[in-house]
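# Sequence and computational prediction follow.
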Amino acid sequence: MTAKPAAAAARATVYGYPRQGRNRELKKAVEGYWKGRVTADALRETAAELRRSAWRELAGAGVHEVPTGDFSYYDHVLDTSVMVGAVPPRHRAAVDADALDGYFAMARGTQDVAPLEMTKWFDTNYHYLVPELGPDTVFTADSAKQVTELEEALALGLAARPVLVGPVTYLLLAKPAPGVAADFEPLTLLDRLLPVYAEVVADLRAAGAEWVQLDEPALVQDRTPAELNAATRAYRDLGALTDRPKLLVASYFDRLGDALPVLAKAPVEGLALDFTDAAAANLDALAAVGGLPGKRLVAGVVNGRNIWINNLETSLSTLGTLLGLADRVDVAASCSLLHVPIDAAAERDIDPQILRWLAFARQKTAEIVTLARGLAQGTSAITAELAANRADLASRANSALTHDTAVRARVAAITDADGRRSQPYAQRTAAQRAHLRLPLLPTTTIGSFPQTAELRAARADLRAGRIDDAGYEQRIESEIRDVLAFQEQAGIDVLVHGEPERNDMVQYFAEQLTGYLATRHGWVQSYGTRYVRPPVLAGDISRPEPMTVRWTAYANSLTERPVKGMLTGPVTMLAWSFVRDDQPLGDTARQVALALRDEVNDLEAAGTSVIQVDEPALRETLPLRATDHAAYLAWATESFRLTTSGVRPETQIHTHMCYAEFGDIVQAIDDLDADVISLEAARSHMQVARELAAHGYPREAGPGVYDIHSPRVPDADEAAALLRKGLHAIPAERLWVNPDCGLKTRGWPETRASLENLVTAARTVRNEL
Ligand code: GLN
Ligand code: ZN
């Protein structure tokens, strides 16, 4: 490929960088501040130093234009609420008393006031704080954070570009404030919000910004004509400002679709688009609107949310095509690098052969710089990088880890029958009734019991070699005995072993499956100061030996009552891991499903009559665009059925979900063909039970009657009242009694009291039938 002259100016940039620091310094400083061990000044200094070191790292790697304002103590959407003055009235006093403490009050609540609600940032595992707006909201500009951070970067002598959440996305992410009519549409506040954005970008211009980036990822979702109109208006008005910086409107996570012509026509100077596989349609769509004559195009060709090396040749060819479609083409990651860990080179335990395939934020930055150089100077300027990249990709494609012939043969041999129980639900439910002989309104829990300090200490002791495997297993068995004894004494009908051996519901399985990698330092922000280390689905997946049977069988040996086996389902395993990019997600899901199927069958063979396969993430990985839902739900439900269909009719399959509204996926939930589902419902007063009923859901269900997210103990009357509500939607023959979710984050005292009350409630309501 030969670079055209227009490419000579190609620059490398990113939209954001991990905030936490190499050793999660930010987490330590913020949590230290909350505990009173770190002063506000010390926290500010740590934060400023982390920003400086991220910029130096980016600039040192060859990035031409660094992002500013992407840093956050907690969340960038909350920062945007502060920037536009959208502080909820209940937090006003705290914010006025002390801006920093007020900020954390909005994020986390205080003794007296609730925090803002938190929800997922598009289809990532990052969570943002939902703006609360209403007809009385008055916006006022507070550009201090943005201006300060820009000035910090400029002071280092760097070209810097402030990054803001765009006004349309901000409003589309908001919800009606408490007390405001539920049908209030925050987008109606656009005309009030735009002058505030105008003020902020003017302040940034005055502080030296040549460009300002406005992120509008909400435009990659299905949008109504009215919403697209709002986008048109927003950028017409902002574009019409005099004395403003150049505006770069960024989109990511998917294709722009109908919003592409809107933005292409807008009087702004640049667009940033995602050109990774998931958004490949952007390329043709851009050509179809005649490109972006006179505009800057920032091309997100390096995937910002997976951890795999880029195919540099493919990206260069995309970039080459794009050269003809815009005035100037720059190279970037598809989205902020917030969603990937910092540095693959920190992973000392990963086989160096495999490490070559991994790219975290630092490696992705290097790829972006290489691509920009290749684009500007021609491929001859990056010959060595291209050769190394080709070799790394080939070693991945030809590796026995990514191509296990036994696994592939097994997947290829899957038949329809493998994904179908031997009897339909209506028939096997009778067999289960006869086999399990449970009372009406049977009681159970979702799986985990409190993860106590002793359990965490036992795991730490094992890792540090202070106890051996046998010593560890003794501690786990002793915990299982306690958990079983409590449940029997409380009178619960279907028992669990309590999951004391699990550090995490995905990682525990990832560590035992071949083809799955765990990282040592691969922390990614989930929300606030919470970081997770998603495991990596790196190769073909197989199960060398049973993973949970030992513990479930032990629990079974201690009681006459049924003990529920407990597994994490294939969709959730994928959702909370980094997935492969070299095969369709459905293929990876099928491999995981077959490994889990063996576990399900082994549990049954060991005498387990009830097996729960958790799929809390089924709803959250639903694609952003409705046209993509059916294909996702097809492989998602198929992999669940593949996991669970190898058992006898009298073995009862449960599933569990939480965190979401389920109204739009009831059909998919039914397609799982599980016998029983437990769902989060206590806070919404059994709303999901009504949704299931409205859709004619025919199976057994346990809408939660105990909100496990709070230490509060529901009394028996309260749980009974919820149960009676449940009975309005689901007949007694099909209604279960259980908490909303697992109890691992709870303490023992409230767990004991709450479950005793739950059993009392079930008995009371049974007597009313
Ligand atoms: N079985 C798991 C537990 O009880 C389910 C957790 C979840 O749904 N997130 O902890
Ligand atoms: Zn749950």
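Cool, got the structure. Ligands and ions are numbered 1, 2, ... in the order given.
# Near ligand 2, which residues of the stretch 651-769 of the chain are found?
Cys658, Cys741 (Cβ under 5 Å from the ion). All C-beta spots, glycine's among them, are computed from the backbone N, C-alpha and C.
# beta partners of Tyr516?
Leu537 (DSSP bridges).
# Show the contacting residues for it.
Phe509, Ala510, Pro535, Val536, Leu537, Ala538, Gly539, Ile541, Ser577 (Cβ atoms under 8 Å, 6 or more residues apart in numbering).
# gap between it and Leu618?
20 Å (Cβ to Cβ, to the nearest Å).
# Using TSV, lay out the contacts of Tyr516 together with distance to ligand 2, pLDDT and neighbour count.
Formatted as TSV, the contacts of Tyr516 follow (distance: Cβ to the ion, whole Å; pLDDT from 0 to 100; neighbours: other Cβ atoms under 10 Å):
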residue	distance to ligand 2	pLDDT	neighbour count
Phe509	16	98	25
Ala510	19	97	22
Pro535	19	98	23
Val536	24	98	25
Leu537	22	98	25
Ala538	27	97	24
Gly539	29	97	25
Ile541	24	98	27
Ser577	18	98	23
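# In JSON lines: the residues you listed, plus distance to Ser143.
Formatted as JSON lines, those follow (distance: Cβ to Cβ, whole Å):
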{"residue": "Phe509", "distance to Ser143": "47"}
{"residue": "Ala510", "distance to Ser143": "44"}
{"residue": "Pro535", "distance to Ser143": "40"}
{"residue": "Val536", "distance to Ser143": "40"}
{"residue": "Leu537", "distance to Ser143": "42"}
{"residue": "Ala538", "distance to Ser143": "44"}
{"residue": "Gly539", "distance to Ser143": "48"}
{"residue": "Ile541", "distance to Ser143": "49"}
{"residue": "Ser577", "distance to Ser143": "39"}
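# which one of the residues you listed sits closest to Trp55?
Trp55 lies nearest to Val536 out of the contacts of Tyr516, by Cβ to Cβ, at 28.1 Å.
# who are the neighbours in contact with that closest one?
Here Val536 is in contact with Ile307, Leu358, Tyr516, Leu517, Ala518, Thr519, Gly522, Ser577, Phe578 (Cβ under 8 Å, 6+ apart).
# Mark which of those residues are part of strands, please.
Among the contacts of Val536, the ones falling in strands (DSSP state E) are Tyr516, Leu517.
# Show me which parts of stretch 688-702 are buried, residue by residue.
Val688, Ala689, Arg690, Glu691, Leu692, Ala693, His695, Tyr697, Arg699, Glu700, Ala701, Gly702 (16 or more other Cβ atoms under 10 Å).
# Can you give me the end-to-end span of stretch 75-90?
This stretch, stretch 75-90, spans 19 Å end to end (Cα to Cα, to the nearest Å).
# Identify the residue nearest Ala159 in space, chain neighbours excluded?
Spatial nearest neighbour of Ala159, excluding adjacent residues (Cβ to Cβ, 6 or more residues apart in numbering): Glu65 at 4.7 Å.
# I should have written Pro584 there, sorry.
Trp635 (7.8 Å).
# burial count for that neighbour?
Neighbour count for Trp635, taken as other Cβ atoms under 10 Å: 21.
# can you pull the contacts of it?
Contacts here follow Cβ under 8 Å, 6+ apart; on that basis Trp635 touches Pro584, Leu585, Gly586, Ala589, Arg590.
# in terms of contact, does the fourth one touch Ala575 like I think?
Same thing as Ala589. No: judged on Cβ atoms under 8 Å, Ala589 makes no contact with Ala575 at a distance of 10.1 Å.
# These two - which one has more neighbours?
Higher neighbour count among Ala589 and Ala575: Ala589, with 25 against 22, using other Cβ under 10 Å.
# Low-confidence ranges, the stretch 401-550 of the chain, go.
For the stretch 401-550 of the chain, no stretch is flagged by pLDDT under 70.
# could you pull out the helices for it?
Using DSSP state H, counting those that start in this stretch, the helices of the stretch 401-550 of the chain run over 405-412, 425-436, 453-463, 469-490, 507-510, 549-557.
# what about the next helix or strand after the last one and ligand 1, touching?
In this case it means helix 549-557. Downstream of helix 549-557, the first helix or strand assigned by DSSP states H and E is strand 564-568. Yes: Strand 564-568 comes into contact with ligand 1 (Cβ under 6 Å from any ligand atom), by way of Met566.
# Show me the contact partners of strand 564-568.
So strand 564-568 is in contact with 444, 447, 494-497, 499, 505-506, 508-509, 548, 552, 596, 599-600, 603, 608, 610-614, 643, 654, going by Cβ under 8 Å, 6+ apart.
# cool, and stretch 133-141?
With contacts defined as Cβ under 8 Å, 6+ apart, stretch 133-141 is touched by 83-86, 171, 174-177, 179-180, 184, 186, 188-189, 192-193, 195-196, 199-200, 203.
# Restricted to helices, list those.
Met83, Leu171, Arg192, Leu193, Pro195, Val196, Glu199, Val200, Asp203 (DSSP state H).
# Near ligand 2, which residues of this structure? Just list them.
Residues of the chain lying close to ligand 2 (Cβ under 5 Å from the ion) are Pro616, Cys658, Cys741.
# So which of those reach ligand 1?
Okay, of those touching ligand 1 (Cβ under 6 Å from any ligand atom), that's Pro616, Cys658, Cys741.
# contacting residues around whichever residue of the stretch 401-550 of the chain sits closest to ligand 1?
Of all residues in the stretch 401-550 of the chain, Gly447 sits closest to ligand 1, at 2.8 Å by Cβ to the nearest ligand atom. By Cβ under 8 Å, 6+ apart, the contact list for Gly447 reads Val496, Gly498, Glu499, Lys564, Met566, Gln612, Asp614, His656, Gly742.
# again, only using 7 Å
Contacts for Gly447 (Cβ atoms under 7 Å, 6 or more residues apart in numbering) come out as Val496, Glu499, Met566, Gln612, Gly742.
# How many neighbouring residues does the closest residue to it other than its chain neighbours have?
Leaving aside its sequence neighbours, Gly447 sits nearest to Met566 (Cβ to Cβ, 6+ apart; 4.5 Å). Look at Met566: counted by other Cβ under 10 Å, it has 28 neighbours.
# Identify each buried residue in the strand or helix carrying Asn282, please.
Taking DSSP H and E as the criterion, Asn282 maps to helix 281-288. Judged by neighbour count (16+ other Cβ under 10 Å), helix 281-288 contains these buried residues: Ala281, Asn282, Leu283, Ala285, Leu286.
# Could you do stretch 752-769 as well?
752, 754-765.
# And stretch 546-556, by the same measure?
Pro546, Met547, Thr548, Val549, Trp551, Thr552, Ala553, Tyr554, Ala555, Asn556.
# my read: the third one touches Glu599, true?
Yes: under the criterion of Cβ atoms under 7 Å, Thr548 lies in contact with Glu599, with a separation of 6.4 Å.
# Closest residue of the stretch 201-350 of the chain to ligand 2?
In the stretch 201-350 of the chain, the residue that lies nearest ligand 2 is His339 (23.1 Å; Cβ to the ion).
# wait, that residue sits on Val524?
Yes: counting by Cβ under 7 Å, His339 does reach Val524; the two are 6.3 Å apart.
# which residues touch the spatially most central residue of the chain?
Central residue of the chain (Cα atoms, centre = their mean): Asn125, 1.6 Å from the mean position. Counting by Cβ under 7 Å, 6+ apart, Asn125 touches Ser526, Val532, Trp576.
# Now do the SS call for it.
Judged by DSSP: H, G, I helix; E, B strand; the rest coil, the three-state class of Asn125 is coil.
# if I look at Tyr516, how far off is Val200?
44 Å.
# ok, now Asn389?
40 Å.
# of those two, who's got more company?
Val200 (23 against 20).
# sorry, back to before: on the three-state scheme, the residue nearest to Pro584 is what?
Quick answer, by three-state DSSP: Trp635 is helix.
# confidence score at it?
We note a pLDDT of 98 for Trp635 in this prediction.
# what about the residue lying closest to Arg233 once chain neighbours are set aside, how many neighbours?
Closest residue to Arg233 apart from its sequence neighbours, by Cβ to Cβ, 6+ apart: Leu190 at 6.8 Å. Leu190 is flanked by 20 other residues according to other Cβ under 10 Å.
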